[in-house]
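**Student:** Below is the sequence, then the predicted model.
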Amino acid sequence: RDVLVGSAATAACLFLAEPGLAESLANAPARSGLGTAYPRRDGPLKVRGAARFAAEHRFPGMVYGALVFSTVARGTIRGIETEAARAAPGVVLVMTYENAPRLAPPEPFYASPTGMAGSAIPVVQDASVYWNGQPVAVILATTQEEADHAARLVRVDYDETEAVTRFDAAAARASVAVYAGRELQYRDGDAEAALAEAEVSVDLDFSTPQQTHNQIEPHAVTVAWQGETLRMHDCTQGVDLSAITIAKVFGLDPSQVHLTAEFVGGGFGGKTLWQYHILAAAAARLADRPVRMTLTREGVYRICGGRAPTRQRVALGARPDGRLTALIHTGTTMKIAQNAMTEPFMEAAEHLYRTDSIHLEIRAGVRDMLANTFMRAPGAAVGTFPLEVALDSLAERLAMDPVALRIRNEPEVDPTTGRAFSQRALVDALQEGAQRFGWQSRSGERLGRREGEWLVGTGMAAAYYPYKRFPGGAGRITLGRDGRALVELAAHDMGMGTSTATAAVAADLLGLAYEDVEIRYGDNRLPGSMIAAGSQQMAAIGAALTAVRDALVVQLAALVPEGAALRGRPLQALTIRDGALVLAGDPAARMPLTDLLARAGRRAISAEAVAPPPSEAREWSMHSTGAVFAEARVNAVTGELRVSRITGVYDCGRILNPTLAASQFRSGIVMALGMALMENTLFDERSGRIANPSLAAYYVPAHLDVPEIDVAWTGIPDPEAPSGARGIGEISMTGLAAAVANAVYDATGKRIHDLPITLDKLL
Ligand code: MOS
């Protein structure tokens, strides 16, 4: 049903998945362009097994890598015994800090505009150990099994030094966090005094655990030194930045790195540049052999970071009519000394609600652990949990409906920046969601009911994610005399449908048929420096392709022959529409692009351009919002918790492709369901070691855990965003955990403030 919201769907796969749709789709008018449900271009390749991922490429003479991980959190290596490993069958190389090439430390995010590494920790350059799980030796062997076997034969002795591994110890020395160059602190008025004076208030503490990325494709890279060129088949979310970062590590010019990642089996913020990339390339150089390095699932947990734990306080003061007089959202999270990534969990509170006074502050403690990093909806995923649970508690105290409380506090302008919203329809999303879900409005009382052993309740929350557009957007379009266009850009498709959406955006800009647009991406040698992160890749692409279109107009104008109506017109008056160069306001003055090229004797023209700086996000308050509703069923005997119904309605600007959007929204909801119910990286505070580094002991939702998910959107184009689209990749990761917690309260009367909501907390 939801795929029909916004547009008619035409995807063949939908006919198979939902046979009931076939008839209505067959009768739907044929449409094209933005908003059309084109099926994913990578779909058939993946279904046939023809899409090759990083670990599926091979080079002649390739050997396989395995890693040895440290078992102490901090210290120095006293000795490494490698003889048995060297003598093991098939072993080609054992590399430790003693024989590794000398390398520069990698540049992490924010250390420079091109940093793509998880941390600046040097990679096997000396005897130092920085975290429990750090790679300390690399084995290369002729088969993966031989490499894995030899890795187990390496013996390492350590001199341990005192490590900071306890949250409390690190929190005691925490300081105000800096994220993307900004101090995570904001005050307006005296919120504590306003809270003390408030007629109605809540003051609550929450915690969220460490979480690990579990992409379907574990991290992998296949590398070869080809002369002076480092060739990498990677699974990164930033081909260009990964290439630049690794080039600097090896003292190369970025042009000497050729890095491709055509298919990425899930990223979510975790597919960046990690130590295994550098070790694979270093070992390949030392052994003079191409290397495939595939991390085991345990390897991902040891060396590829995830979301840091948080402890948060949300306090709200209100007048009896529900208007907020105080909003306090503060807390502490963990990071490492060698990166600049702090969970910015106050961002939702900055922009969601009007309030008379506000205090937001995030402190970061430094802990000896694997580098933490971005994980789907960094900040907002864990920040909306306490905020939206606290609003539910406040609604109860106010004897007010939770939906009405949010509408009561809808701001007219951005509550902290004072800027006008470029487009915001949170109230519409709340109302639409309530209606679709069948929300029973309430005034402070619980409406939960009992069905046999099961306690059933409903809850809701707002969702939030900022609009972003990173610099670096660029692209090239080659227009052929045959009326086809080739679009090339260093972008990424991690399974969300970038190439499909990009083709629609390009077709729309040029007035070409969608089928006539070919997309090439996932290669650092293509134009641009985009990253598939921050829900902003499509904005970066849209801005880039608009600039390329304008560059094409300039070239096309020069081809207009003598005597044509378009000849000598000012460039600003010219544009491309329906596959023709046209003059604004004069339908007669048009020349089909194919004619223009043919008459000029050109087979094709090509233009490349860079997107303008992202000034829109500084001039406007640009944010996506949403409303999410959940039904929870808790077994009164066993504490088993099942989420049985979910509705999410999102306000993200124009939806470029309803099939892709529904899939993105649903996948974020499924991931958020994991956050709500089960995900928990068990960090042993005594040793600093992750105790559950596998899918056997770290739980993510399986099919049976996931109910029907109803998703919809407002679809109102954002006039300030390229193509009107603000980005959809992360917002559905937010709000849901709070909606589930609120539903659990409605069902059981128990307020769970510590994620995940496991059954032991419900008994
Ligand atoms: Mo996303 S956590 O910005 O890849």
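**Tutor:** Cool, the structure landed. Numbers count the residues shown, from 1 in each chain.
**Student:** Please count neighbours and contacts with C-alpha atoms only from this point.
**Tutor:** Will do.
**Student:** thinking Ala630 is in contact with Ala672, fair?
**Tutor:** No. Ala630 is beyond contact range of Ala672, at 12.0 Å (criterion: CA atoms under 8 Å).
**Student:** intersection of neighbour lists for those two?
**Tutor:** Shared contacts of Ala630 and Ala672 (CA atoms under 8 Å, 6 or more residues apart in numbering): Leu736.
**Student:** And the contacts of stretch 50-60?
**Tutor:** 42, 45, 220-222, 224, 233-235, 261-265, 290, 292-294.
**Student:** Can I get the buried ones among those as something I can paste into PyMOL?
**Tutor:** In PyMOL syntax, the buried subset of the contacts of stretch 50-60 is picked out as below (16 or more other CA atoms under 10 Å):
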select buried, resi 42+220+221+222+224+233+234+235+261+262+263+264+265+290+292+293+294
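**Student:** starting at the chain centroid, how far to stretch 123-132?
**Tutor:** Stretch 123-132 sits 29 Å away from the centroid of its parent chain (CA atoms, centre = their mean, to the nearest Å).
**Student:** Need the distance between the two termini of it.
**Tutor:** This stretch, stretch 123-132, spans 14 Å end to end (CA to CA, to the nearest Å).
**Student:** Read off the pLDDT value for the nearest residue to Asp578 once chain neighbours are set aside.
**Tutor:** The shortest distance from Asp578 to any non-neighbouring residue, by CA to CA, 6 or more residues apart in numbering, is to Gly511 (3.7 Å). pLDDT, Gly511: 91.
**Student:** Surely Gly511 touches Leu581?
**Tutor:** No. Gly511 is beyond contact range of Leu581, at 9.8 Å (criterion: CA under 8 Å).
**Student:** more neighbours, the two?
**Tutor:** Legend: neighbour count by other CA atoms under 10 Å for Gly511 and Leu581, higher for Leu581 (25 against 17).
**Student:** Can you get me the centre-to-centre distance for the helix or strand containing Ala503 and its chain?
**Tutor:** Assigned by DSSP states H and E, Ala503 belongs to helix 498-510. Remark: helix 498-510 is offset 21 Å from the chain centroid, using CA atoms, centre = their mean.
**Student:** How about stretch 529-543?
**Tutor:** With CA atoms, centre = their mean, you get 11 Å for stretch 529-543.
**Student:** How far does it stretch from one end to the other?
**Tutor:** With CA to CA applied, stretch 529-543 spans 13 Å between its terminal residues.
**Student:** can you check stretch 181-200 too?
**Tutor:** First-to-last distance for stretch 181-200 - CA to CA - comes to 36 Å.
**Student:** Now do that stretch, average pLDDT.
**Tutor:** The model assigns stretch 181-200 a mean pLDDT of 97.
**Student:** Give the closest residue to Val221 in space, chain neighbours not counted.
**Tutor:** Asp234 (4.8 Å).
**Student:** just to revisit the earlier point, determine the next helix or strand in the C-terminal direction from the helix holding Ala503.
**Tutor:** With DSSP H and E, the next secondary element past helix 498-510 is strand 517-520.
**Student:** So the helix or strand that that following strand is followed by, near the ligand or not?
**Tutor:** Next in sequence after strand 517-520, counting helices and strands by DSSP H and E, comes helix 537-559. No. Using CA under 6 Å from any ligand atom, helix 537-559 never reaches the ligand; the gap is at least 9.6 Å.
**Student:** gap between Ala287 and Val92?
**Tutor:** 7 Å.
**Student:** Give me the more crowded residue out of the two.
**Tutor:** Ranked by neighbour count (other CA under 10 Å), Ala287 and Val92 place Val92 first, with 21 against 16.
**Student:** how about that one, what does it touch?
**Tutor:** Contacts were defined as CA under 8 Å, 6+ apart; by that measure Val92 touches Val63, Arg86, Ile139, Leu140, Ala141, Thr142, Ala287.
**Student:** for Phe69, same thing?
**Tutor:** When contacts are counted by CA under 8 Å, 6+ apart, Phe69 touches Asn132, Gly133, Gln134, Pro135, Val136, Ala137, Arg302.
**Student:** now Thr417
**Tutor:** Contacts of Thr417 (CA under 8 Å, 6+ apart): Ser621.
**Student:** and it, helix, strand or coil?
**Tutor:** Under DSSP: H, G, I helix; E, B strand; the rest coil, Thr417 falls in the coil class.
**Student:** Retrieve the pLDDT associated with it.
**Tutor:** pLDDT for Thr417: 97.
**Student:** how much space between it and Ala326?
**Tutor:** For Thr417 relative to Ala326 (CA to CA), the value is 17 Å.
**Student:** how about the residue nearest to Gly379 when sequence neighbours are not counted, what does it touch?
**Tutor:** Excluding the flanking residues, the one nearest Gly379 by CA to CA, 6+ apart is Phe345, at 3.7 Å. Going by CA under 8 Å, 6+ apart, Phe345 touches Ile362, Pro378, Gly379, Ala380, Ala381, Val382, Gly383, Thr384.
**Student:** Out of the residues you listed, which is nearest to the ligand?
**Tutor:** Of all the contacts of Phe345, the ligand sits closest to Pro378, with 5.4 Å by CA to the nearest ligand atom.
**Student:** Would you mind confirming that that closest one is in contact with Glu347?
**Tutor:** No. Assessed by CA under 8 Å, Pro378 is found out of contact with Glu347, at 9.7 Å.
**Student:** So for the two, which sits in the more crowded spot?
**Tutor:** Between Pro378 and Glu347, Pro378 has the larger neighbour count (other CA under 10 Å), namely 26 against 20.
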